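1. sequence below, structure please.
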Amino acid sequence: MALKREIQGVVVQKTGDKTATVLVERRVMHPRYRKIVKRFKKFLVHDENNEVKAGDEIIAVECRPLSKRKSFRLKKIVTVGVE
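-> Numbers count the residues shown, from 1 in each chain. Next up, the predicted model:
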C-alpha cells in the first residue's frame, strides 16, 4: 500500500456541506536570493461530521477523489480557532 500524503493547515472557510477549505503554508528557499519564502496553497478537505470551523488548525490525509477538487479527508483537529 502506498503512503498517504498528510497536510497540515488552517481552515479558511466552510464551503458547503461536509467540506472545508484549508490553507497550507510551506517554506522554500528562493533559488537566486537564498532566502526562505512562504508558499501557500488551498485544498478542499472532506469533513464528514461538520466538526471544523474557520480558524481551526487541522491535519488531513490523502484519499480517493471525492469530487473534482476534493481528495483529502479530515484526520484530526490540532487546535481550535478563535471564531
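2. tell me the pLDDT of the residue most central in space within the chain.
-> With distances taken as CA atoms, centre = their mean, the residue of the chain nearest its centroid is Val22 (3.7 Å). Note for Val22: predicted pLDDT of 97.
3. could you find the closest non-adjacent residue to it?
-> Nearest non-adjacent residue to Val22, counting by CB to CB, 6 or more residues apart in numbering: Gly9, 4.3 Å away. The C-beta positions use only the backbone N, C-alpha and C, and glycine is treated the same way.
4. measure that neighbour to Lys35 for me?
-> Look at Gly9 and Lys35: by CB to CB, to the nearest Å, they are 22 Å apart.
5. tell me which of these two has more neighbours.
-> Gly9 (23 against 8; other CB atoms under 10 Å).
6. which residues touch that one?
-> For Gly9, the contacting residues are Val22, Leu23, Val24, Glu25, Phe43, Glu57, Ile58, Ala60, by CB atoms under 8 Å, 6 or more residues apart in numbering.
7. what's the answer for Val12, then?
-> The contact partners of Val12, taken as CB under 8 Å, 6+ apart, are Thr21, Val22, Leu23, Lys42, Ala54.
8. cool, Met29 as well?
-> By CB under 8 Å, 6+ apart, the contact list for Met29 reads Lys35, Ile36, Val37.
9. quick check, nearest of those residues to Lys76?
-> Closest approach between these and Lys76, by CB to CB: Ile36, at 27.6 Å.
10. partners of the helix or strand Val11 falls within, with directions?
-> In this structure, Val11 is located in strand 6-14 according to DSSP states H and E. Neighbouring strands of strand 6-14 in its sheet, by DSSP bridges, are strand 19-29 (antiparallel), strand 57-62 (antiparallel).
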